[in-house]
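Asker: Next input, structure requested:
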Amino acid sequence: MEWIVKEFNQLTSNELYSLLKARVDVFVVEQQCAYPELDGIDEACLHLFHMEDGEVMAYARLVPAGEKYEQASIGRVLVHPTKRKMGLGRVLVQESIDHIVAHYDPKEIRLQAQSHLTGFYASFGFEAISDEYDDDGIPHVDMLLTVR
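Answerer: Reported below is the predicted structural model:
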């Protein structure tokens with residue numbers, strides 16, 4: 001399975017369109033959340049994705065420390081609806097951790113987990129660091145992974 005990781009300015013216009021379409025399809029349309037998906041930090045991030053036949057099957061945005069949080073973080077984690085429950089999410093999160101460690105050499109990695117996924121992220125070593133809170137109508141918990 002081929003994983004692509006690129007800085008924003010390395011993305012082709014077709015790749016960028018596909019990534020943004022996938023994000024809007026999942027986070028705005030599927031989850032019925034009207035929120036500013038384009039938040040102004042994509043240019044500072046690494047974009048990790050897997051495509052099949054020109055369509056994004058999995059994606060995560062890898063955010064450097066100081067851009068969103070004090071720590072490096074993983075965000076916009078998505079798996080195409082036709083590829084869910086097949087283990088692709090586990091591969092995506094591990095690839096995300098590996099690339100953040102390789103590119104940013106962090107002491108910690110942070111993420112905002114939808115509450116029903118806290119057990120999934122805990123299986124990678126992430127620990128809850130907040131109480132549950134509402135983020136655009138979806139319950140979330142902040143989680144932190146200490147990098148050894």
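
Asker: show me where the chain has strands.
Answerer: Using DSSP state E, the strands of the chain run over 4-7, 46-52, 55-63, 72-79, 108-114, 127-128, 133-135, 138-146.

Asker: residues of the last one that come out buried?
Answerer: Spelled out, it's strand 138-146. 138, 140-145 (16 or more other CB atoms under 10 Å). Placement of C-beta: from N, CA and C, glycine included.

Asker: Same check on the fifth one?
Answerer: By neighbour count on 16+ other CB under 10 Å, the buried set for strand 108-114 is 109-113.

Asker: quick one: contacts for the closest residue in space to G125 that isn't next to it in sequence?
Answerer: Distance criterion CB to CB, 6 or more residues apart in numbering; nearest residue to G125, sequence neighbours excluded, is L145 at 5.1 Å. Applying CB atoms under 8 Å, 6 or more residues apart in numbering, we find L145 in contact with 97, 108-111, 124-127.

Asker: pLDDT score for L145?
Answerer: pLDDT, L145: 97.

Asker: Look up how far K107 lies from it.
Answerer: In this view, L145 and K107 are 10 Å apart by CB to CB, to the nearest Å.

Asker: Using a markdown table, lay out the contacts of L145 together with distance to A44 and pLDDT.
Answerer: Listed next are the contacts of L145 as a markdown table, based on distance: CB to CB, whole Å; pLDDT from 0 to 100:
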| residue | distance to A44 | pLDDT |
| --- | --- | --- |
| I97 | 19 | 97 |
| E108 | 18 | 97 |
| I109 | 16 | 98 |
| R110 | 15 | 98 |
| L111 | 17 | 97 |
| F124 | 24 | 97 |
| G125 | 25 | 97 |
| F126 | 22 | 97 |
| E127 | 26 | 97 |
